[in-house]
Every structure is written in structure tokens, then in C-alpha cells.
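Asks: could you look at this predicted model? Sequence included:
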Amino acid sequence: MKILVTGGTGFLGTTLCNQLEAQGHELTKINSRNCDLTQPNSLHQFTKGSFDQIYHLAAWTQAGDFCLSHPGEQWLINQKLNTNVLDWWHGQQPQAKLIFMGTSCAYDPNLPLEEEYYLTGLPIDSLFTYAMTKRMLYAGALALQKQYGLKYLCLVPSTLYGPGYHTDGRQMHFIFDLIRKIIRGKLYGETVTLWGDGYQQRELVFVEDFARIALELAATVDNDLVNIGAGEEFTIRRFAELICQEVGYDFDLIEFDTSRYVGAKSKCLGVKKLHSLMPDLQLTSLDQGLAKTIKWFWSEQEKLVPASVS
């Protein structure tokens, strides 16, 4: 198949494209250097091709407390790039199936984190703007499918982790920042300070598992929204303990700063639909996934800039 991927050189995009290429597909990879998706006609340069699938992974955001400081920019930039992708899909590539990323932060934390509630209630205030841009992306796909009969698939991931994450100074998702801080504590004797009391809970999915699941669902499921998660969560303290064991750092030396931003207290997706669609699904264990991720971080230790958030 001929496939276009926005965000094709990012963390998820790189893994997804590697798997697509291994299957023999012909790829067009979009990133901020070869296509400014905030510009209305930016995708027209690719209109000569007729694509079978479009994976829309691009988004303007960062982890941690980034959303608190950039709500206006997040709304404007993400709305522009999402609308431009939807418009190009409808106007120039209606034969293609659009596979795009939702976000777990779009769910109201007071409701079950299950697909039927994705557009119900309100996201938490600190992530409200970004969450609503993702809801609007989903609403746009629903509208275009309803009027024009286009095909889409919305995938809602838990936090993804694995080798190959960015180390360019941007704020990191909690698990990468935990690894970075603890490795730096081991290497340089730095104090390891984690945000919150450590009892907030998170769920992880290994990035290679997510990409594999995405490819299978893209081939078998039309016009639906599917959560992709592990179905279990652990405290930040538990993640830190496992990382300390792997790195060889004393967990008792870690300090917790309860004055800092921690986001949602708990976030574990309901995955009944996923397992009904893929009843034989097997995921990489947390121990294996962390070991692979930490091994990669050791190889990148010269790029480990001072820790910022967890």
C-alpha cells in the first residue's frame, strides 16, 4: 500500500514507519521540516499520489506542565494542523483511510475511561485545551464520515514508552523523566527529586506493541474509536523502584516534592473493546519494556540534559 504518515520521524512515527516498511509498504513521511501542517495548502505537494492510508500522528504538545503555559497556542496550532489534514483527506484523498491518534486526557476522570465516554463530561482543567483539540479532531472525522462516507480509525493510547524517545531538551513523559533522573543520580550523584508524593498512578504501553496493534486494527476496523492500554497501572513509586533496581540506584535516596504539578491522580484505560477485537493480544511485560528502554537511555547518556519533570 501507499501510506502517508504525519509525525513520521517522531517517537511513535519512527517505530510505526519501521514496521510499515518491514511489511513492504511505500511510505511518505511528513515532519515539520518538509511540511508545515499549520498552513492550509501544505499537503497539496503530495496530492499527485493516491494513498491507501493516512496515519495522522502529528501534534503540537509536550509532557509535564507544558499545557499549563501554552493553552492558547495549543488550541490555535493543533486546530490548524488537524483541520488542514482533515480538509486534505476529504478534498484530495477520499479513498484513503485516516488513522489518527486520540488522547487519554480527553476523558473525564470522573467517568469510566471507556470509548463510549470519550466525548462525555470534561477533561481535567490542566489538560483541557489539548484534550479538546483531540476531541475536535475526532468530531471532524465523525462528520466527514457521516456526510461523505470516508473511513477512519481513532486510536487512544496510554503513555507510550520504549527506546528512541527524544532527548533534545523537550519536556518528557513521566517514565522517561524518571529514567533520566535516576540515571543522572547514578552517574553524577545528583539528588533525584520526583514531583508529587509518588502515589499518583500511570499506565504504560510499549511503543512497539502499540505500533503492531495499530497496524492490525487499521486493517480490520473501520469507523471506530479504540483504547490501547495495558489494562493495569502502577504508582510512580513502583516505577521508580523498578528503574532503581535496573540502574543500581538506592531508591531510599529519592525525594518527593509534593508542591509540584502531577496531573491526573490515576489514568488507566478500559480495554475491553481492544481485547474483543484482538482476543489473543500479548503485550511486552513492564520488566522487559523498562529494561529495553533503560538500556537505550544508557547508550544516550551524553544527551541526558538536566532533569525537569516527573
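Replies: Now that the structure is in, tell me what you want to look at. Predicted, not measured: the structure shown is a model, and the values here were computed from it. Residues are numbered from 1 along each chain as shown.
Asks: quick one: the strands in the stretch 51-200 of the chain?
Replies: For the stretch 51-200 of the chain, the strands defined by DSSP state E, counting those that start in this stretch occupy 53-56, 97-101, 151-157, 159-161, 193-195.
Asks: other SSEs contacting the fourth one?
Replies: What it means is strand 159-161. helix 174-188, strand 204-206, helix 207-220, helix 286-299 (3 or more Cβ pairs under 8 Å, 6 or more residues apart in numbering; DSSP states H and E). Where you see a C-beta, it was placed from the backbone N, CA and C, and this is true even at glycine.
Asks: CA atoms of the first one as PDB?
Replies: Coordinates of the C-alpha atoms in helix 174-188 are reproduced here as PDB (Å, rounded to 0.1, in the frame of the first residue of the first chain):
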ATOM      1  CA  PHE A 174       6.900  10.800  33.300                       C
ATOM      2  CA  ILE A 175       8.600   7.400  32.600                       C
ATOM      3  CA  PHE A 176      11.400   8.800  30.500                       C
ATOM      4  CA  ASP A 177      12.000  11.600  33.000                       C
ATOM      5  CA  LEU A 178      12.100   9.000  35.900                       C
ATOM      6  CA  ILE A 179      14.700   7.100  34.000                       C
ATOM      7  CA  ARG A 180      16.700  10.200  33.100                       C
ATOM      8  CA  LYS A 181      16.800  11.500  36.700                       C
ATOM      9  CA  ILE A 182      17.700   8.100  38.200                       C
ATOM     10  CA  ILE A 183      20.500   7.500  35.700                       C
ATOM     11  CA  ARG A 184      21.900  11.000  36.300                       C
ATOM     12  CA  GLY A 185      21.600  10.300  40.000                       C
ATOM     13  CA  LYS A 186      23.700   7.200  39.500                       C
ATOM     14  CA  LEU A 187      26.200   8.800  37.200                       C
ATOM     15  CA  TYR A 188      26.700  12.200  38.800                       C
END
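Asks: in it, which residues are buried?
Replies: 174-186 (16 or more other Cβ atoms under 10 Å).
Asks: going by distance to residue 33, which of those wins?
Replies: residue 176 (23.1 Å; Cβ to Cβ).
Asks: what residues are up against the closest one?
Replies: By Cβ atoms under 8 Å, 6 or more residues apart in numbering, the residues touching residue 176 are 161, 165, 293, 297.
Asks: now for this protein, the helix or strand with the poorest mean pLDDT.
Replies: Ranked by mean pLDDT, DSSP states H and E, the weakest helix or strand in the chain is helix 66-69, scoring a mean of 74.
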